[in-house]
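# structure for the following, please:
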Amino acid sequence: MKKKIAIAMGGYSNEYKISLNSGELVYKHTNRDLYEPYRVHILEEGWFVVLDDGKKFPIDKADFSATIEQEKITFDSVFNIIHGTPGEDGIFQGYLEMLNIPQTACDYYQAALTFNKRDCISILRAYGIKTAKNYFLNKGDEIKEDEILERVGLPCFVKANKAGSSFGISKVKKKEDLIAAINFSFEEDEEVIIESFLDGTEVSVGVIQYKGEILPLPVTEIISENEFFDYEAKYLGQSKEITPANISEEDRIKVQEQAKRIFKVLKLKGLTRAEFIFHEGEPHFIEVNTNPGLSEASILPQQAKVAGISLTDLFTNVIEASLS
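Next up, the predicted model:
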């Protein structure tokens, strides 16, 4: 009998539309010989199974089931491709764990940790992973401009601590723009991280569970037409993504090993993507995404293609790992 797989997509943040696109790609490339996939929209207005004809059936949150045409549907596993909360910050993972339903992404603690950029950076720095210099602010803290700039310098980046897809981020070149940038980030999150500017080549490295192994994928070089790799660069075509990256073999090995080490140190699972900037010859960690985009425009599918891994094969491996 085929396993019933819920492809959970959406979320409660500004990223939900991106997640819906990712979920559609997963749904399209799920192996129908092995699985019976269901779209499950996890949205603020409700949780629903959405059929091909657009009909919606509510999810019973008591056991994460749905009744479709008088038949109760329960799921053997959940392909978690939700961006932002609740699927990327550990809330959805914890809910499913209480129901004893496996899912493809990392566990709830790892999700909460990696979703919090400053906590993740603090942990990895203890393992010798290089990062930018940074300064942390909570909403309501006194903003000491001179102290901040003495720590991180100019230019610097001001980021919402718990937001994805480059929402709530600014590049600050002048002191007089700092307060506005901080307030802009506070619109996305009550915590802000301010980082020094790292001058160098930006790269992205997918790391996945594949056939029982932890496998780093080919490296992608990111060349943004904008000031940095922001939302427009990521999703509206305002960047050039080169896979494999135009970097030396030594640097390729170095950054792939770093990404693989981060995957192991943080005890991640499934499909992940880590971002780095080569600064002064060394890869400096920016962030790790534990539910990376899987739309047609996304980086990880590009990397899988270069590695010779079909999307159907990629998704099958992740689902099987969750069931094992």
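# what about the strands in the stretch 201-324 of the chain?
213-216, 220-224, 239-242, 271-279, 282-289 (DSSP state E, counting those that start in this stretch).
# okay, these in CSV with mean pLDDT and mean neighbour count next?
(Each C-beta comes from the backbone N, C-alpha and C, glycine too.) Putting those into CSV (pLDDT from 0 to 100; neighbours: other C-beta atoms under 10 Å) gives the following:
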stretch, mean pLDDT, mean neighbour count
strand 213-216, 96, 16
strand 220-224, 91, 18
strand 239-242, 87, 16
strand 271-279, 97, 24
strand 282-289, 96, 21
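# quick one: closest of the ones you listed to Thr131.
Smallest distance to Thr131 across those (C-beta to C-beta): 5.2 Å, for strand 282-289.
# packing partners of the closest one?
helix 108-115, helix 117-126, strand 200-210, helix 249-265, strand 271-279 (3 or more C-beta pairs under 8 Å, 6 or more residues apart in numbering; DSSP states H and E).
# let's see that with 7 Å instead.
Here strand 282-289 is seen to pack against helix 117-126, helix 249-265, strand 271-279 when contacts are counted using 3 or more C-beta pairs under 7 Å, 6 or more residues apart in numbering; DSSP states H and E.
# now could you export just the CA positions of the shortest one as PDB?
Extracted C-alpha coordinates of strand 271-279, given in PDB (Å, rounded to 0.1, in the frame of the first residue of the first chain):
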ATOM      1  CA  LEU A 271      17.300  19.300   3.000                       C
ATOM      2  CA  THR A 272      19.400  22.300   4.200                       C
ATOM      3  CA  ARG A 273      21.300  25.200   2.600                       C
ATOM      4  CA  ALA A 274      24.000  27.300   4.300                       C
ATOM      5  CA  GLU A 275      25.200  30.700   3.200                       C
ATOM      6  CA  PHE A 276      28.800  31.900   3.400                       C
ATOM      7  CA  ILE A 277      31.000  34.800   2.300                       C
ATOM      8  CA  PHE A 278      34.600  34.200   1.500                       C
ATOM      9  CA  HIS A 279      36.200  37.100   3.400                       C
END
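# what about the closest residue to Pro58 other than its chain neighbours, distance to Leu34?
Spatially, and ignoring its direct neighbours in sequence, Pro58 is nearest to Phe48 (5.7 Å; C-beta to C-beta, 6 or more residues apart in numbering). Applying C-beta to C-beta, to the nearest Å, the value for Phe48 to Leu34 is 24 Å.
# of those two, which one has the most company?
Phe48 (18 against 14; other C-beta atoms under 10 Å).
# could you chop the protein up by domain?
Following automatic domain parsing, one finds the domains of the chain at 3-104, 113-130+199-323, 134-196.
# quick revisit: wait, the residue nearest to Pro58 sits on Ile59?
Yes - the criterion here is C-beta atoms under 7 Å, and Phe48 meets it with Ile59 at 6.4 Å.
# overlap in contacts, the two.
Counting by C-beta atoms under 7 Å, 6 or more residues apart in numbering, Phe48 and Ile59 have no common neighbour.
# for the residue sitting furthest away from the middle of the chain, what are phi and psi?
Distance from the centre of the chain peaks at Gln70, with 36.4 Å (C-alpha atoms, centre = their mean). Per-residue torsions, Gln70: phi 70, psi 10 (degrees, to the nearest 10).
# please apply the same query to Asp199.
Per degrees, to the nearest 10, the backbone of Asp199 is at phi -90, psi 120.
# what residues are bridge-paired with the nearest residue to Asp177 once chain neighbours are set aside?
Leaving out its chain neighbours, the residue that sits closest to Asp177 by C-beta to C-beta, 6+ apart is Ser170, at 7.7 Å. Listed by DSSP bridges, the beta-bridge partners for Ser170 are Val158.
# can I assume Ser170 is in contact with Phe184?
Yes - using C-beta under 7 Å, Ser170 is in contact with Phe184, at 5.7 Å.
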